[in-house]
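S.K.: give me a model of this one.
(chains A, B, C and D)
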Protein chains: 2
Amino acid sequence: MVLRGSPLVHADTRRRVEEELSRQRYVYNRAAANLRRRTSSSIALVINDLSNPFFAEFAAGVDEALGDAGYVTLLGSTGESPQRQQAVLASLMEQTPAGLILSPAEGSDVAALRQVLGRHDNVLLFNRELDGADWDMLALDNEQGACLATRHLIERGHRHVVFFGGHAQSSSCRQRRSGYLRAMRDASLLSRSIESAPNRQDAAAHTAELFDDASAPATAAVCYNDSVALGLMAGLMARGIRPGQDFAVTGFDDIAEAELTTPSLTTVAADPRARGHQAALLVLDRIREPEQGGRRLIAAVQLKVRESSGSAAAASDSSNIPFPFLSP
Amino acid sequence: MVLRGSPLVHADTRRRVEEELSRQRYVYNRAAANLRRRTSSSIALVINDLSNPFFAEFAAGVDEALGDAGYVTLLGSTGESPQRQQAVLASLMEQTPAGLILSPAEGSDVAALRQVLGRHDNVLLFNRELDGADWDMLALDNEQGACLATRHLIERGHRHVVFFGGHAQSSSCRQRRSGYLRAMRDASLLSRSIESAPNRQDAAAHTAELFDDASAPATAAVCYNDSVALGLMAGLMARGIRPGQDFAVTGFDDIAEAELTTPSLTTVAADPRARGHQAALLVLDRIREPEQGGRRLIAAVQLKVRESSGSAAAASDSSNIPFPFLSP
DNA sequence: CTGAAAGCGCTTACAG
DNA sequence: CTGAAAGCGCTTACAG
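M.R.: Numbering: from 1, shown residues only, chains lettered A, B, ... in the order given. Have a look, this model is predicted:
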């Protein structure tokens, strides 16, 4: 009764019990309590890889919000392998988590997922849509974000704007490109896409393709994400092309580095840490009200084009660290 | 017996049982098994913050190795707050993890830690020394690494080399500075240190101090870590000083960005993912052999000065993405 | 191979 | 307030 905070126990008794507890270095066994109460105090978080800053920030946000709510985070990473994802999920399910936040690996098989997740109700998908899945889902409005970024460039006079980077078959890339295509179509401009792996290295390696057509060389690129944008900027500099002056670049995600350029890289802010909080609150809500409503689909998270702060930023302004990369 | 893979059960029976198991969507409850067997299949990992790429990589390495060994990772973050660290650890201890990997928050109180960890044997400290603690420990050889970096600069002709950034009172900063001091003393050079918070913003804000003494301005800086180095490089550029050409910079940690500069930033490689693997194997070993030996102190992890690849790197060489930051 | 019993550390329900 | 009993889903030990 002392442990469970019952009001029935006399203050003196409580004190004596607590003294003995700490004397014996007693630590409460929540697993035993969970077993008896048929509850769980953990939530599984499965992402691709923590070395991606976007997911690392997201995970930090999830963990923070879960911790505040008294839950503990069970971590799993898939490394974008559906096979590994199955194994990781199977292992995590044995721990009977109260909920699961899953950023599915590319190429996930919904039937296999349904199989391993069993009749687990409190599942929230993050970031990637899965055809045929009916779990709750928190997504970025990729289409709208890329459309805003593209319009931003068009409004600044660019006509040869290329969609740059990413695996064409991934759903987030499809959505972002579709937003780009919409903005280009609305402005009656010709569109063009260049594929790459969604990382710096490969993005840099594809830089030359922007200028393949010497009669109509690109003057701006809407990049699949910030990593690609940073890679492209590096690739441009290697060719003596100054990003932001000779060529305009936008990113997507707003990773920490994006803010540290001068003028800061124009990018679409996904605020992954806030997404993490949001994801945690969504599963917790689902756990508290298991039968409430049907599938929840939340896609309109705050996305915005951040205006670059301009090259006039004073060098002494420490809140705006200058870098040579900019978008006009 | 089927569940536990007993050889005593007939193949036919096994098959029938397994069929029924999957028909009922049975999932093994490892928490119950752990309770009865008085074992645990989880290991707690407590770090400062996943938004630091060094810790994110470390966490990824830990999680990977633990997963391969059949363990599950319980994540906790302290945000460098000893108070929050106490709360997080208390909550994690209730989950009866088999072991704990802890990168202690700055200013951790060993007595308080001992209190919350109880008589938990399988604890591994990572990255930060704690006076009076006798848990296993995995550390970087900060002293040696900084000494190597400093010698590297001295060998290239620099005489006014400053130790730049980091909180002077943190143990890792003390150790790195001590390595710097050793190298400077060995070369009969005057040493000088500049403090900053260990991040880009604040590092950039302290750039001017390098040139306070107009009669003997610094020509090179051994930075506390890569974040500080990147911030300093930004601060230099803002003043029209080209890092790598007009001023030499070295980092520490070898985060992903360090490699992506051209010539790549000379830095001391701590290989955090490999440290994660190593940490996981160390606790697992401790768990398997609880009584074996005393305290294990491992500090000689692979540290090396990585030579910058030189400005001759071809622009078309995609394996070496060019950036404007370099150290000579 | 089968079956029944006890126990891990808790919570719940109920009798006093 | 106190105490005894049952049960969460497993494992262990033992009798048949």
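S.K.: and A:V27, how far from B:T39?
M.R.: Between A:V27 and B:T39 the computed distance is 16 Å (CB to CB, to the nearest Å). C-betas here are computed from N, CA, C, even on glycine.
S.K.: between these two, which one's more packed in?
M.R.: Taking neighbours as other CB atoms under 10 Å in any protein chain shown, A:V27 and B:T39 compare with A:V27 leading, 16 against 12.
S.K.: please name the residues that touch the more buried one.
M.R.: Contacts for A:V27 (CB atoms under 8 Å, 6 or more residues apart in numbering or on different chains) come out as B:M93, B:E94, B:T96, B:G118.
S.K.: list phi and psi for it.
M.R.: phi -130, psi 130 (degrees, to the nearest 10).
S.K.: right, is the helix or strand of chain A with the lowest mean pLDDT up against chain B?
M.R.: Every helix and strand in chain A was compared by mean pLDDT, DSSP states H and E; the lowest is helix A:256-259, with a mean of 75. Yes: applying CB under 8 Å from any CB of the partner chain, one finds helix A:256-259 touching chain B at A:A256, A:E257.
S.K.: in chain A, where is pLDDT below threshold?
M.R.: A:260-264, A:292-293, A:300-328 (pLDDT under 70).
S.K.: please enumerate the helices of chain A.
M.R.: Using DSSP state H, the helices of chain A run over residues A:11-23, A:30-37, A:53-68, A:82-93, A:110-117, A:142-155, A:171-186, A:200-205, A:226-238, A:256-259, A:272-288.
S.K.: B:T266 is nearest to which of the ones you listed?
M.R.: In terms of CB to CB, the element of the helices of chain A nearest to B:T266 is helix A:226-238, at 17.8 Å.
S.K.: what comes up buried for the closest one?
M.R.: A:226-238 (16 or more other CB atoms under 10 Å in any protein chain shown).
S.K.: for stretch A:278-290, same thing?
M.R.: For stretch A:278-290, the buried set under the neighbour-count rule, 16+ other CB under 10 Å, comprises A:Q278, A:A279, A:A280, A:L282, A:V283, A:L284, A:R286, A:I287.
S.K.: pick the one among these closest to A:F55.
M.R.: A:A279 (11.7 Å).
S.K.: show me the contacts for that closest one.
M.R.: If you count contacts by CB under 8 Å, 6+ apart, A:A279 has them with A:F58, A:G61, A:V62, A:I101, A:L124, A:F126, A:L138.
S.K.: may I have the beta-bridge partners of the fifth one?
M.R.: Each beta-bridge partner of A:L124 is listed here: A:I101, A:D136, as defined by DSSP bridges.
S.K.: tally up the residues packed near it, please.
M.R.: Number of residues near A:L124 (other CB under 10 Å) recorded here: 26.
S.K.: re earlier: make a markdown table out of the buried residues of helix A:226-238 and add distance to B:L89.
M.R.: Shown next, in a markdown table, are these (distance: CB to CB, whole Å):
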| residue | distance to B:L89 |
| --- | --- |
| A:D226 | 34 |
| A:S227 | 34 |
| A:V228 | 39 |
| A:A229 | 39 |
| A:L230 | 37 |
| A:G231 | 40 |
| A:L232 | 43 |
| A:M233 | 42 |
| A:A234 | 42 |
| A:G235 | 46 |
| A:L236 | 47 |
| A:M237 | 46 |
| A:A238 | 48 |
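S.K.: among the contacts of A:V27, name the buried ones.
M.R.: Neighbour counting with 16+ other CB under 10 Å marks B:M93, B:E94, B:T96 as buried within the contacts of A:V27.
S.K.: can you put the residues you listed in CSV and add distance to A:H158?
M.R.: What follows is the buried ones among the contacts of A:V27, written out as CSV (distance: CB to CB, whole Å):
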residue, distance to A:H158
B:M93, 57
B:E94, 57
B:T96, 59
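S.K.: now, among these, which is nearest to A:A31?
M.R.: For those, the minimum distance to A:A31 (CB to CB) is 5.9 Å, reached by B:T96.
S.K.: excluding its backbone neighbours, what's nearest A:V268?
M.R.: Of all residues not flanking A:V268 in the chain, A:G145 sits nearest, at 3.9 Å (CB to CB, 6 or more residues apart in numbering or on different chains).
S.K.: now do the same contact list for that neighbour.
M.R.: A:R176, A:G179, A:F252, A:V268, A:A270, A:L303.
S.K.: domain assignment for chain A?
M.R.: Chain A breaks down into these domains under automatic domain parsing: A:1-39, A:40-138+A:274-298, A:142-266.
S.K.: spell out which parts of the stretch 1-150 of chain A neighbour DNA strand C.
M.R.: A:L3, A:R4, A:Y26, A:V27, A:Y28, A:N29, A:A32, A:A33, A:L35, A:R36, A:R37 (CB under 7 Å from any atom of the strand).
S.K.: out of the residues you listed, which end up buried?
M.R.: A:V27, A:L35.
S.K.: just put the residues of the stretch 1-150 of chain A next to DNA strand C in JSON lines and tack on distance to DNA strand D.
M.R.: Formatted as JSON lines, these follow (distance: CB to the nearest atom of the strand, whole Å):
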{"residue": "A:L3", "distance to DNA strand D": "12"}
{"residue": "A:R4", "distance to DNA strand D": "11"}
{"residue": "A:Y26", "distance to DNA strand D": "17"}
{"residue": "A:V27", "distance to DNA strand D": "18"}
{"residue": "A:Y28", "distance to DNA strand D": "14"}
{"residue": "A:N29", "distance to DNA strand D": "11"}
{"residue": "A:A32", "distance to DNA strand D": "7"}
{"residue": "A:A33", "distance to DNA strand D": "8"}
{"residue": "A:L35", "distance to DNA strand D": "4"}
{"residue": "A:R36", "distance to DNA strand D": "3"}
{"residue": "A:R37", "distance to DNA strand D": "8"}
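S.K.: looks like A:L153 contacts A:F247 (just checking).
M.R.: No: using CB atoms under 8 Å, A:L153 makes no contact with A:F247, being 10.8 Å away.
S.K.: tell me which of the two has more neighbours.
M.R.: A:L153 (26 against 23).
S.K.: returning to what we had before: most tightly packed of the helices of chain A?
M.R.: Highest mean neighbour count among those (mean count of other CB atoms under 10 Å in any protein chain shown): helix A:226-238, with a mean of 27.
S.K.: hang on, the earlier thing: which of the buried residues of stretch A:278-290 sits closest to chain B?
M.R.: A:A280 (12.5 Å; CB to the nearest CB).
S.K.: and of the contacts of A:G145, the nearest to DNA strand C?
M.R.: Closest approach between those and DNA strand C, by CB to the nearest atom of the strand: A:A270, at 39.8 Å.
S.K.: still on that earlier bit, could you dump the contacts of A:G145 into JSON lines and include distance to DNA strand C?
M.R.: Formatted as JSON lines, these follow (distance: CB to the nearest atom of the strand, whole Å):
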{"residue": "A:R176", "distance to DNA strand C": "48"}
{"residue": "A:G179", "distance to DNA strand C": "49"}
{"residue": "A:F252", "distance to DNA strand C": "46"}
{"residue": "A:V268", "distance to DNA strand C": "46"}
{"residue": "A:A270", "distance to DNA strand C": "40"}
{"residue": "A:L303", "distance to DNA strand C": "43"}
